[in-house]
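Trainee: Whatever this is, show me its structure:
(one chain, ligands or ions: 1)
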Amino acid sequence: MPFLFYEVCTEDDIPDVGRGKRFEVEGYDLCIFNLNGTLHASGDACPHERVSLGDGATLDGEIIVCGAHRWEFNLVSGECLEDPAFPLRKFPVGRKDGVIYVGFPDDGTMETETVAS
Ligand code: FES
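Mentor: Just a heads-up that it's a prediction; the model follows:
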């Protein structure tokens, strides 16, 4: 599947190891997690009730624990450990010359997703 890569931030903006941080790119809220130096990007809205993962989720190894109701997701696969029907949407991450990019699928499936307020 082809991807369109968008600039998200610089390396200076990367969250600390074991943390996530929310970014808005092209109207889409995403979260970048730093798993021991490897960056992973997902949708920021928790698939359960759409609370921001960047504003309270924690990492326990590869497992994201949402701060709202403590649902757990595998950061690498996107699998939801509570209910496989609610996977985390994942996106490829690239780095070039100190800039971080995230790829969105170029198939018309991206819709604007926001977190609950
Ligand atoms: S909104 Fe994340 S577990 Fe409920």
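
Trainee: make it CA atoms for all contacts and neighbour counts henceforth
Mentor: Fine.

Trainee: check contacts around the spatially most central residue of the chain.
Mentor: Most central residue of the chain, judged by C-alpha distance to the mean C-alpha position with C-alpha atoms, centre = their mean, is Ser42 at 2.2 Å. For Ser42, the residues meeting the contact criterion (C-alpha atoms under 8 Å, 6 or more residues apart in numbering) are 30-32, 88-91.

Trainee: quick check, Asp29 in a strand?
Mentor: Yes: Asp29 forms part of a strand when assessed by DSSP: H, G, I helix; E, B strand; the rest coil.

Trainee: How about it, nearest residue that isn't a chain neighbour?
Mentor: If the residues on either side of it in the chain are set aside, Asp29 comes closest to Asp44, at 5.4 Å by C-alpha to C-alpha, 6 or more residues apart in numbering.

Trainee: quick one: Gly78 and the ligand, what's the gap?
Mentor: Remark: distance between Gly78 and the ligand (C-alpha to the nearest ligand atom, to the nearest Å) = 14 Å.

Trainee: Isn't that residue up against Phe86?
Mentor: No: taking contacts as C-alpha atoms under 8 Å, Gly78 lies outside contact range of Phe86: 9.2 Å.
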